[in-house]
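J.: Got a predicted structure plus its sequence, pasted below:
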Amino acid sequence: MPQREPATPTPATPSGNSPTNTTPNVTTKPNAEPGTDTNTTPAPVSRVRRWARARRADAATYLLRGACYGIGSGICALAVWRIERHP
């Protein structure tokens, strides 16, 4: 029985040549001034809005919980005051 030759590995890129001087996830703006940052990260305000929007339900839950604790504490304080004033 004849022996088969081992299969040659397929290259990582279609041409077989991988680029050596590229940076992923960085896009350049047309007519960008030299020395300026061309990274397309969102503005800090945009990030804060996105963060707040994602946690809006949690904030509402904590607000309701705090209001309930405040009402409960007020009722207990009024009950204690009533018991102390009117034996």
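T.: Okay, I see it. Residues are numbered from 1 along each chain as shown.
J.: If you average pLDDT per helix and strand, which one of the protein comes out bottom?
T.: Lowest on mean pLDDT, DSSP states H and E among the helices and strands of the chain sits helix 44-54, with a mean of 88.
J.: and that one, what other elements does it pack with?
T.: If contacts are counted by 3 or more CB pairs under 8 Å, 6 or more residues apart in numbering; DSSP states H and E, helix 44-54 sits against no helix or strand. Placement of C-beta: from N, CA and C, glycine included.
J.: what does it contact?
T.: 42, 59 (CB atoms under 8 Å, 6 or more residues apart in numbering).
J.: Tell me where the model's unsure across the chain.
T.: 1-2, 5-41 (pLDDT under 70).
J.: The helix or strand that the least confident helix or strand of the chain is followed by vs helix 44-54, what angle?
T.: Next in sequence after helix 44-54, counting helices and strands by DSSP states H and E, comes helix 56-85. Angle of helix 56-85 versus helix 44-54, following axes from the mean of the first three to the mean of the last three CA atoms, to 10 degrees, is 60 degrees.
J.: Can you list the buried residues in helix 56-85?
T.: Neighbour-count burial for helix 56-85, counted by 16 or more other CB atoms under 10 Å, picks out no residue.
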